[in-house]
Structure formats: C-alpha cells, structure tokens
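Asks: okay, predicted coordinates and the sequence, questions at the end:
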Amino acid sequence: MKLITTIIKPFKLEDVRQALAESGVQGMTVTEVKGFGRQKGHTELYRGAEYSVDFVPKTKIEAAVADELVDAVVEAIVGAAATGSIGDGKVFVSDLQQAIRIRTGETGDQAL
Amino acid sequence: MEKKISTVIRAGACTLLAALTPGIVVAQDALDSGDTAWMLTATALVLFMTVPGLSLFYAGMVRAKNALSVMMQCFAICCTMTIIWVLYGYSLAFGDDVGGVVGGLGKAFMAGVTVDALSGTIPESVFAMFQLTFAIITPALIVGAFAERMKFSALLWFMVIWVSVVYAPIAHWVWGGGWLGELGVLDFAGGTVVHINAGIAGLVAALVMGKRRGFPQSPMKPSNVVLTMVGAAMLWVGWFGFNAGSQLAADGTAGMAMAVTQIAAAAAALTWMFAEWLGHGKPSALGLVSGAVAGLVAITPASGYVGPMGALAIGAASGYGCYLAVVKVKYRLGYDDSLDVFGVHGVGGIIGALLTGVFVHAGLGGVGLGEGMTIASQVGKQVVGIGATIIYCGVMSFIILKVIDAVIGLRVSDEEEQEGLDLVLHDEQGYNLSGT
C-alpha cells in the first residue's frame, strides 16, 4: 500500500476528485493548507499597513492506494491538476505500513 | 389623556392671552408631534450607530481573537453610559449653567423629566435620550485607539470617569448653555463634542498605553472586512439621525442637514478611494468606507450651517486630509492608534470644524455668518472651540489614564495580548466556525 499525498491549487479539487474516482480510488481526505514552492505570494494593504503574504492557499489530498494502482492514480492526478503555470503543486508517494477499517476491523488492501 | 388635556388648556390659555393683548406675541413651547416623531426616530438611529454600527465596523478590523472584545466594549459602554447619564451625566451636561463651565446637579436622577416635561417642542425624555446616544457613541469611538490591548476593567473605569469629567462638561460648553456656545462657536451635531473629543482621547490613550506587541512589523490583518463594510454602512445611515436630529425638529434645517450629510460622505469616500488608487495603484474597500466616515465626521459640525456645495468641499477636504493622516502620517510618526480614531475622528473633526466657519457664509451656500462676523472671525471662534477641546480633553484624558494605570493597570500582559482578549478577558471565542 502507498499513501499518495497531493498538493494542488484549490480550484482543481473537483477535477482531481473525478480523476481519482475514475482510476479506482474510493476514498480520500482533503485539507486546506498553505505553502509555497516557487510560486510568489502577494501583498495586501489595509489603510496604509502593507503586508506581504508568502504563503499561498492550497488543497492537500491524501489517499491510501493499493500498490497495483499507484502509477495509474499518479498519472490521473497529474493530468487533472496541471495548468501549466507555476504553483500547480506536487505529488508525494510514501510507503503505507498498515491500514484498518474501523467499523469492520479489515486490514491491508481490504481496508482501502 | 392627561397630556392632551394640559396641551389643550395651554393652547387655550395662549389663544385667550393673544386675543386680549393683540400686540404681544406669546412664544410658547407646545409639543409638536412631527418633531417628536422625528426625534424618537433619530434617537434610535444614533443608538443604531453604536450598536451595531460601530461595533461591527471595529470588530471586522481587529484580529479574530479580539473581535468579541471590541463589541463587548461598545455594548458595555452603551449600558454603562446610560446609567451614568440618568444618575448625573444629563444634569452635568444640560442642567442649569454653573459659571459657563458645567451644568448643575438640578437634573440629577432625571429630576423634572416627567412624562409631560418638554424641551422645546419635544418631550424632555426624548431630548435626554437623544443626547444620551451621543454620550454613548463618543466613548465608544475611543475604543478603537487602544483595541486589542486594554483590560476590560480599566476600560470601564476610564469610560465612567471620562464621560463624567470630560464629555459632560464639553457638551455643556457647546450645547448646554456654556461658554463655547455663548462665544458663538458653531458646532451643530458634535464636531468638537464628539469627534475631536474622541480623537484626542484616543490619541492620548494610544500614546500612554503604547503600541501593540509586534506593531508595525507583524501582520495584524483585519479579520472580517465584510463586517466592517456592514458597520460602515450602518454608521452612514445612522448619521442621518446624528446630524438631522441635532436640529431637534422636523423642518427645513433638518432636511438640509440630511442632504449635506449624504453629499459630504459620498465626496469624501470617493476622494479617499481615488487618492488610494493614485497613491497605491488600487482602490480598496476599507479605504472607500473609511473615506465615507471621514466625510461624515467633518460634516457633523457643519451640518446645520452649510449648503450642498459646501458639503462637497468639506467632504473632499476631509477625505483627503484623513487619508494622509491615516496612511502616511501615522506610520511616519510611529504611534499605534489601532483603528485610526485620531486619524479619522480627530483630524476629520478639526477639518470640519474649521471649514464650518468658512462655508457658513451665505455667499458659499451657507445659512449666513452671524451679525458683524466675517469668515476670518468665525474661523477664529472655531479655533477657540477646537483648541479648548483639545487642551481640556487631552490633559484630563492623560490624567485619568495615568491614575487608572497606577491603580489597576491599563494593559493586559504580553502573553494575554498574544493569546487574544476574547479568550483571556471573556472566556469566549468570537468565531467557532469549525462546526464542532
């Protein structure tokens, strides 16, 4: 099993969710985050008080995926999330040691 | 029933007297229901300016962790000032004059303010309550200067003493038969009594209490500019009660006061907006409504004396003057008047009070200078009014703050300021939006 963590531009969430569903991923967890890589932030001005904001709002998606599906899922995510401009995000794939479905107690691939 | 009978008897007696003595005109105060209806409404409008108007305006501009604290302060001031007013505040401001400096205690505990008592053509109860709403909003305005760092207990003490010792006397000086009114200072709805007063007290408080931790380097973004916009709109609408209501009657002067209020607000808002557009590159929502408030402040002393074109000029002048004060001067001088009480109310009030002396001139659309007055001499009187307010308010506010600081302390600790006043002072969170 692998844990696929994806950081995307927030407006791309629906596209990526659809792409994940089509590649066989049944569930995911979504968090609102902020961060930056090469994308620059912005400035805000309130009555003469100027603030430079380095962090850009992003959306993080985590999905636990069976080993066989990983390549297809990653390809689907990248295809759906890309816009071509700086700040499109990243996909991280890490090993997942164990997964348990709380309701039934199933483990491993059965829990995904 | 009782009121109608006594009114009828009074009217009948007057008619009889007038018939018997045709050469004598009997000036008589009879209740005018039109005036009364308007003043009941105006009173509600001005209270609306404080709760919710000013509360929302301020709450949106502070950080989320302090949103409740400013609303709490405004609301608590509304309640506390009401008690002070009816115990002795109304008397000190509008009781029988003592030396031109203060009203006596003849009206303490609202003595003489009965169901039938009149003040001009309206019930005295309505007059007293209308004036109370001014005594509420003036201290509430000051809250913005020390937002996010003052102890609630210290705030209550400060406001109780300040209203008693600063607001009531100055209100007496200008409106209650005191020396500034007698001198001929023109202040229709409170440029000095309300705005310069609050502005100076705010500035002194900001200087005495010091800057917020991290100001100006750390980001202190307004948590809810949407709320601020809503509050600003409520202030604008309520201001019709503030200015037009200060005529204490439903007549042409009130009508013109409402008109010039609208004109000055719009002119000032656009001036600030364009100044920001040119100066920074983009116009902002906060700038637009701040400009509107600056215009409303400046037209306040002028509202019963100037005409539409005068209002345009006063609005534009205040919109630009306050923009400079808030956006440039404050940062250059380095003080933390957190929500720009001095920058908008102090500076706007001074601009408006001065220009009242100019645009009252009949040739400039105003109601006309007094007998034997010139623009220069009227502006001279305005300067006396402004100066007296600044000096008295400044000195007294300083003393009051220092005394409270010595006894119980004015500021919360650094850790408490970091944590946020809502939690630390009130055991509450203003926003629990996570849904749990």
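Replies: Structure's in. What do you need? Numbers count the residues shown, from 1 in each chain, chains lettered A, B, ... in the order given.
Asks: from here on, just use CA atoms for contacts and neighbour counts.
Replies: OK.
Asks: what about the residue nearest to B:R213 when sequence neighbours are not counted, neighbour count?
Replies: Here the nearest residue to B:R213 in space, its sequence neighbours aside, is B:D414; by Cα to Cα, 6 or more residues apart in numbering or on different chains that works out to 7.2 Å. Neighbouring residues of B:D414 were enumerated by other Cα atoms under 10 Å in any protein chain shown; the total is 11.
Asks: do the same with B:G349
Replies: In terms of burial, B:G349 registers 34 neighbours under the definition other Cα under 10 Å.
Asks: can you tell me the element it falls in?
Replies: Taking DSSP states H and E as the definition, B:G349 sits inside helix B:347-359.
Asks: what's downstream of that helix, the next helix or strand?
Replies: Tracing the chain past helix B:347-359, the next element assigned as helix or strand by DSSP H and E is helix B:375-407.
Asks: for that next one, buried residues please.
Replies: Applying a neighbour-count criterion of 16 or more other Cα atoms under 10 Å in any protein chain shown, one finds B:375, B:378-379, B:381-383, B:385-386, B:388-390, B:392-394, B:396-398, B:400-402, B:404-405 buried in helix B:375-407.
Asks: thinking again about what came up before, for the helix holding B:G349, C-alpha coordinates in PDB please.
Replies: Output for helix B:347-359, consisting of C-alpha atoms alone and laid out as PDB, is shown next (Å, rounded to 0.1, in the frame of the first residue of the first chain):
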ATOM      1  CA  VAL B 347      -8.400  65.100  12.000                       C
ATOM      2  CA  GLY B 348     -11.800  65.000  10.300                       C
ATOM      3  CA  GLY B 349     -13.400  66.800  13.200                       C
ATOM      4  CA  ILE B 350     -10.800  69.500  13.100                       C
ATOM      5  CA  ILE B 351     -11.100  69.900   9.300                       C
ATOM      6  CA  GLY B 352     -14.900  70.100   9.600                       C
ATOM      7  CA  ALA B 353     -14.900  72.500  12.500                       C
ATOM      8  CA  LEU B 354     -12.600  74.900  10.700                       C
ATOM      9  CA  LEU B 355     -14.400  74.700   7.400                       C
ATOM     10  CA  THR B 356     -17.800  75.300   9.100                       C
ATOM     11  CA  GLY B 357     -16.500  78.800   9.800                       C
ATOM     12  CA  VAL B 358     -15.900  79.200   6.000                       C
ATOM     13  CA  PHE B 359     -18.900  77.600   4.400                       C
END
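Asks: run the chain-centre distance for it.
Replies: In terms of Cα atoms, centre = their mean, to the nearest Å, the centre of helix B:347-359 is set 15 Å apart from its chain centre.
Asks: for stretch B:177-185, same thing?
Replies: Between the mean C-alpha point of stretch B:177-185 and the mean C-alpha point of its chain there is a distance of 19 Å (Cα atoms, centre = their mean).
Asks: please name the nearest non-neighbouring residue to the spatially most central residue of chain B.
Replies: When chain B is reduced to its mean C-alpha position, the nearest residue by Cα atoms, centre = their mean turns out to be B:V194, at 3.6 Å. If the residues on either side of it in the chain are set aside, B:V194 comes closest to B:T138, at 5.2 Å by Cα to Cα, 6+ apart.
Asks: next, that neighbour: phi, psi?
Replies: Dihedral angles of B:T138 (phi, psi; degrees, to the nearest 10) stand at phi -60, psi -50.
Asks: what's the burial count for it?
Replies: Neighbour count of B:T138, defined by other Cα under 10 Å: 24.
Asks: hmm, B:G199 and it touching each other?
Replies: No. Under the criterion of Cα atoms under 8 Å, B:T138 makes no contact with B:G199, lying 9.2 Å away.
Asks: hey, C-alpha coordinates of stretch B:91-109 in PDB?
Replies: The C-alpha trace of stretch B:91-109 is given here as PDB (Å, rounded to 0.1, in the frame of the first residue of the first chain):
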ATOM      1  CA  SER B  91     -27.600  67.100  34.600                       C
ATOM      2  CA  LEU B  92     -23.900  67.900  34.200                       C
ATOM      3  CA  ALA B  93     -24.300  68.500  30.500                       C
ATOM      4  CA  PHE B  94     -27.700  70.100  30.300                       C
ATOM      5  CA  GLY B  95     -28.600  71.200  33.800                       C
ATOM      6  CA  ASP B  96     -28.700  74.900  34.700                       C
ATOM      7  CA  ASP B  97     -25.500  76.500  33.900                       C
ATOM      8  CA  VAL B  98     -22.800  77.000  36.600                       C
ATOM      9  CA  GLY B  99     -20.200  79.500  35.500                       C
ATOM     10  CA  GLY B 100     -20.400  78.600  31.900                       C
ATOM     11  CA  VAL B 101     -18.400  75.500  32.600                       C
ATOM     12  CA  VAL B 102     -20.800  72.800  33.700                       C
ATOM     13  CA  GLY B 103     -24.500  72.200  34.300                       C
ATOM     14  CA  GLY B 104     -25.500  71.800  37.900                       C
ATOM     15  CA  LEU B 105     -27.000  68.800  39.600                       C
ATOM     16  CA  GLY B 106     -30.500  70.100  39.300                       C
ATOM     17  CA  LYS B 107     -31.500  67.400  36.900                       C
ATOM     18  CA  ALA B 108     -29.700  64.500  38.700                       C
ATOM     19  CA  PHE B 109     -31.700  61.300  38.800                       C
END
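Asks: now tell me what touches the lowest-mean-pLDDT helix or strand in chain A from outside.
Replies: Among the helices and strands of chain A, strand A:49-53 carries the lowest confidence by mean pLDDT, DSSP states H and E, at a mean of 89. Among residues not part of strand A:49-53, those counted as contacts by Cα atoms under 8 Å, 6 or more residues apart in numbering or on different chains are A:G41, A:H42, A:T43, A:E44, A:L45, B:P216, B:P219, B:V327.
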